[in-house]
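S.K.: My questions are about this predicted structure, shown below with the sequence.
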Amino acid sequence: MALFLQTTFLTSSSSLRQKPCLSSWASHISTSRTRTRVHAKIREIFMPALSSTMTEGKIVSWVKSEGDKLSKGESVVVVESDKADMDVETFYDGYLAAIMVEEGGVAAVGSAIALLAESLEEIEEAKSKAASSSPATSPAPAVAAAPVSESTTGSGAVEKAVVVAPPSPAVVASAVHPASEGGKRVVASPYAKKLAKDLKVDLGRVIGSGPNGRIVAKDVEAAAAVAAELGSPAAKVSAAPAVQAPPGIELGSVVSFTTMQGAVCRNMVESLSVPTFRVGYTITTDALDSLYKKVKSKGVTMTALLAKATALALVKHPVINSSCRDGNSFTYNSNINIAVAVAIDGGLITPVLQDADKVDIYSLSRKWKELVDKARAKQLQPQEYNTGTFTLSNLGMFGVDRFDAILPPGTGAIMAVGASQPTVVGTKDGRIGMKNQMQVNVTADHRVIYGADLAAFLRTLAKIIEDPKDLTF
């Protein structure tokens, strides 16, 4: 769902007509009762707040150019918030008169990023207003942006050259996002991807000029134009093989945080103010593993099974699902929303399985796959990642046997899940046997949750996992 742009009025110089002051008291009263009509011709377009924690946003790409006619509900700009890229729509008809924050620029929430003119006549006036104002913005980090080569012509003018793959290895290394797995994954704005599909441009052969090497619309258009001049299909800009960037990073380089990394950083620092403690528990997973083998073919994921088991345990221990925000009281949350940590390029996000205790395991699995796809495409809506009441972090698929997780602000507990491994155990009859077991460690807010509370919750969770018949109902 796209967000509507917020705008306010800027009156043009001819819009206000001031009446001369009258000396008589009666005339003054008469004048004060007369309404002065203000015809707003130019509107400021603000950086929208895409989430409750967003303080600034980065312009990924402008879908429209200066001078383009806009209709209400039409996408104008793609903004990167702390968790996702979102298409932002205009709330009014008019013309995009002046862009005040270019692609890659950062602006505070509520600050002007462009001006919208009501008619063509106001465009020049809007441009002069934009030139005279100085919005608080910052450009994209130079160390992460793709360089643009320049050649000076005989007349002294500077001509910008469009860089299309295959460039030199040094150019590729500086253009690829540091978290893009050595260039294997193409990082492009949603509009650039759509444009590339329409123009039949291979994004893998285009070097992005946006923040952190992101491919934006103008890069696709430039690649298509170059291909047309060469008389070859845009999808085959060059017959030479693309040069792959080295798998590592450039040692000694300084890379600024992305918007998402900055948000994660702030949250982690904020979590230090909460007094936490940790409790571990060993759970036998033989029955859960057996159930998973039976339902895996039906699309059920292990993440959904763990989320469902956790939610059912939280029903019996509501204090573990509570939260303390002001230090003076805590809330028993009415919904059990399980947030699950997912690593994506350049950061971490926690898609939320809402009402996990009430949703059947098959629907929960389908929802989880949908959320993961949207998270990796940076298309999650705020309610899909900021409504969690309890968090799961699973590193078991990497072979990690145990670890501690940091408590996300605004929640009561987070559970770290390790790998299920064959373990030699002693049976009740005194014999030695082999069972699959996993370690879980819960980090909790000690202002609300106590050791006995957490121990009781983990014991209930273990019973559900060791006898998982209720998970498929």
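M.R.: Cool, the structure landed.
S.K.: give me the number of residues near the residue nearest to Asp467 when sequence neighbours are not counted?
M.R.: Spatial nearest neighbour of Asp467, excluding adjacent residues (CB to CB, 6 or more residues apart in numbering): Ala287 at 6.2 Å. C-betas here are computed from N, CA, C, even on glycine. Ala287 sits with 15 neighbouring residues when counted by other CB atoms under 10 Å.
S.K.: For Ala287, which residues are in contact?
M.R.: Ile465, Glu466, Asp467, Pro468 (CB atoms under 8 Å, 6 or more residues apart in numbering).
S.K.: wait, is it part of a helix?
M.R.: Yes: under DSSP: H, G, I helix; E, B strand; the rest coil, Ala287 sits within a helix.
S.K.: For the stretch 1-150 of the chain, which segments count as helices?
M.R.: Using DSSP state H, counting those that start in this stretch, the helices found in the stretch 1-150 of the chain span residues 25-32, 123-132.
S.K.: where among those is the average confidence lowest?
M.R.: Per-stretch mean pLDDT for those is lowest at helix 25-32 (a mean of 39).
S.K.: The stretch 201-350 of the chain: helices as residue ranges?
M.R.: 217-230, 259-271, 286-295, 302-316.
S.K.: Now mean pLDDT and distance to Leu50 too, for these, in JSON lines please.
M.R.: Output for those, formatted as JSON lines (pLDDT from 0 to 100; distance: least, CB to CB, whole Å):
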{"stretch": "helix 217-230", "mean pLDDT": "77", "distance to Leu50": "20"}
{"stretch": "helix 259-271", "mean pLDDT": "83", "distance to Leu50": "10"}
{"stretch": "helix 286-295", "mean pLDDT": "95", "distance to Leu50": "37"}
{"stretch": "helix 302-316", "mean pLDDT": "96", "distance to Leu50": "26"}
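S.K.: So which of those helices is nearest Ile338?
M.R.: In terms of CB to CB, the element of these nearest to Ile338 is helix 302-316, at 4.4 Å.
S.K.: Just the CA trace of that closest one, in CSV.
M.R.: What follows is helix 302-316, C-alpha atoms only, in CSV (Å, rounded to 0.1, in the frame of the first residue of the first chain):
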residue,chain,number,x,y,z
MET,A,302,9.6,-25.2,11.1
THR,A,303,9.4,-21.4,11.9
ALA,A,304,5.6,-21.6,11.9
LEU,A,305,5.7,-24.7,14.2
LEU,A,306,7.9,-22.9,16.7
ALA,A,307,5.8,-19.7,16.5
LYS,A,308,2.6,-21.7,17.0
ALA,A,309,4.1,-23.6,20.0
THR,A,310,5.4,-20.4,21.6
ALA,A,311,2.0,-18.7,21.1
LEU,A,312,0.1,-21.6,22.8
ALA,A,313,2.5,-21.4,25.7
LEU,A,314,2.0,-17.6,26.0
VAL,A,315,-1.7,-18.1,26.3
LYS,A,316,-1.1,-19.8,29.6
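S.K.: Pick the most buried one from the helices of the stretch 201-350 of the chain.
M.R.: Across these, averaging neighbours per residue (mean count of other CB atoms under 10 Å) puts helix 302-316 on top, at a mean of 23.
S.K.: So what touches it?
M.R.: Here helix 302-316 makes contact (CB under 8 Å, 6+ apart) with 288, 291-292, 320-321, 336, 338, 340, 353, 356-357, 361, 364-365, 368, 390, 392, 394, 415, 417, 457, 460-461, 464-465, 468, 470-471.
S.K.: Please pick the buried ones from the residues you listed.
M.R.: If you count burial by 16 or more other CB atoms under 10 Å, the buried members of those come out as 288, 291-292, 320-321, 336, 338, 340, 353, 356-357, 361, 364-365, 368, 390, 392, 394, 415, 417, 457, 460-461, 464-465, 468, 471.
S.K.: Among these, name the ones in strands.
M.R.: The strands, defined by DSSP state E, take in Ile338, Val340, Leu353, Phe390, Leu392, Asn394, Met415, Val417 from the buried ones among the contacts of helix 302-316.
S.K.: ok, which pair from those is furthest apart?
M.R.: Taking CB to CB, no two of those sit farther apart than Leu353 and Val417, at 14.8 Å.
S.K.: Residues contacting stretch 94-101, please?
M.R.: Stretch 94-101 is contacted from outside by 42-43, 47, 59, 62, 64-70, 76, 107, 112-120, 122-123, 126-127, 129-131, 133, 135, 137, using CB under 8 Å, 6+ apart.
S.K.: Please tell me how far that stretch is from the chain's geometric centre.
M.R.: From the chain centre to the centre of stretch 94-101 is a distance of 25 Å (CA atoms, centre = their mean, to the nearest Å).
S.K.: The longest strand belonging to the chain: which residues count as buried?
M.R.: For the chain, the strand with the greatest residue count under DSSP E is strand 432-445. Neighbour-count burial for strand 432-445, counted by 16+ other CB under 10 Å, picks out Lys435, Asn436, Gln437, Met438, Gln439, Val440, Asn441, Val442, Thr443, Ala444, Asp445.
S.K.: from the residues you listed, which is closest to Gly410?
M.R.: Asp445 (9.7 Å).
S.K.: Run a quick neighbour tally on the closest residue to the closest one other than its chain neighbours.
M.R.: Distance criterion CB to CB, 6+ apart; nearest residue to Asp445, sequence neighbours excluded, is Gly412 at 5.1 Å. Here the count is done by other CB under 10 Å, and Gly412 has 29 residues near it.
S.K.: Does Gly412 touch His446 like I think?
M.R.: No: counting by CB atoms under 8 Å, Gly412 sits too far from His446 to count as a contact (10.1 Å).
S.K.: and the gap between Ser322 and Val340?
M.R.: Distance of Ser322 to Val340, given as CB to CB, to the nearest Å: 19 Å.
S.K.: so how far is Lys296 from Leu380?
M.R.: 26 Å.
S.K.: which SS state does Tyr191 fall under?
M.R.: Using three-state DSSP, the structure places Tyr191 in helix.
S.K.: Show the pLDDT at it.
M.R.: pLDDT at Tyr191 comes out at 73.
S.K.: neighbour-wise, which of Leu380 and Lys296 wins?
M.R.: Counted by other CB under 10 Å, Leu380 and Lys296 do not tie: Leu380 has more neighbours, with 26 against 13.
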